[in-house]
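**Q** Here is my input; please provide its structure:
(one chain, ligands or ions: 2)
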Amino acid sequence: MKRIGILGGTYDPIHHGHLRAAEEVREDLELEEVLFIPAGQPPHKHRPDLTPFAYRFEMTRLAVEGVPGFRVSDIEGRMPGPSYSVRTLERLRAEQPAEYFFVLGLDAFLEIETWFEYWRLPRLAHLVVISRGSDGERAFREKAREVFPEVVEEGGYLRLPGAYTLRFVPVTRLEISSTNIRRAVRRGRSIRFLVPESVRRFILTHGLYR
Ligand code: ATP
Ligand code: MG
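**A** Ligands and ions are numbered 1, 2, ... in the order given. Sure thing, here's the model as predicted:
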């Protein structure tokens, strides 16, 4: 079975922080593919200024174009209602059977109980929690045991009996955020080298974030 990583995000816009983290996870877990999934309607973000899906999808597509092992999926743009990860995963598994690795930041994992039917996540995919450096590993383990008390230690990662694994992967976290990029554009400042050049051009051409 193909090993596929899933990196969901608002991607408003995608930036080099996302891309570098994805590259390190791909290498570390020996994934054949990393699937970037722009959120349809992100349930956790209350942003009236959210850029329409078609633009966020196109920027993500431009960012991964020509990058070996990187791909973009429009699956959440095709599904109605709020984008819940368990639903996306179910749909993906139906469309393309594979061994999926669902990647999320430690900050998101620490709030996992606020996610729709979060307990089903490790029954659909491995959970890969990423964070800068290894200092977050302790917080990851504590939270994992709190939320999934049945987890057992298994060679460097945690396993839920009858389900998938939960693991921590430290990555280089570049201090780049979409919020700061949007703010820079609004102020007429340069965003060169924060995002791929094709994405920078797209933002300027379409007058996004003004
Ligand atoms: P915003 O500023 O609008 O919240 P963001 O930069 O955090 O945007 P998201 O689209 O929310 O980007 O992030 C998608 C995923 O990428 C999340 O799991 C998040 O933890 C992770 N991520 C965001 N920025 C970085 C970064 N600089 N390095 C590594 N991972 C990142
Ligand atoms: Mg964020």
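
**Q** what about Ala21, which SS state?
**A** The local conformation at Ala21, judged by DSSP: H, G, I helix; E, B strand; the rest coil, is helix.

**Q** Now do the contacts for it.
**A** Shown in contact with Ala21 (C-beta atoms under 8 Å, 6 or more residues apart in numbering): 7, 103, 130, 171-173. In this view, the C-beta of every residue, glycine as well, is placed from N, C-alpha and C.

**Q** now it: how far from Gly105?
**A** Note on Ala21: its distance to Gly105, by C-beta to C-beta, to the nearest Å, is 8 Å.

**Q** any shared contact partners between the two?
**A** Both Ala21 and Gly105 are in contact with Ile130, where contact means C-beta under 8 Å, 6+ apart.

**Q** can you pull the contacts of the closest residue to Glu99 other than its chain neighbours?
**A** With sequence-adjacent residues excluded and distances taken as C-beta to C-beta, 6 or more residues apart in numbering, Glu99 is closest to Met1, at 4.6 Å. Each residue near Met1 by C-beta under 8 Å, 6+ apart is listed here: 97-99.

**Q** Among the residues you listed, which are located in helices?
**A** Assigned to helices by DSSP state H, none of the contacts of Met1 qualify.

**Q** Compare these and tell me which is most surrounded.
**A** When neighbours are taken as other C-beta atoms under 10 Å, the top entry among the contacts of Met1 is Ala98 (17 neighbours).

**Q** residue contacts, the residue nearest to Glu154 when sequence neighbours are not counted?
**A** Spatial nearest neighbour of Glu154, excluding adjacent residues (C-beta to C-beta, 6+ apart): Thr165 at 7.1 Å. Thr165 sits next to 122, 126-127, 154, 157-159 when contact means C-beta under 8 Å, 6+ apart.
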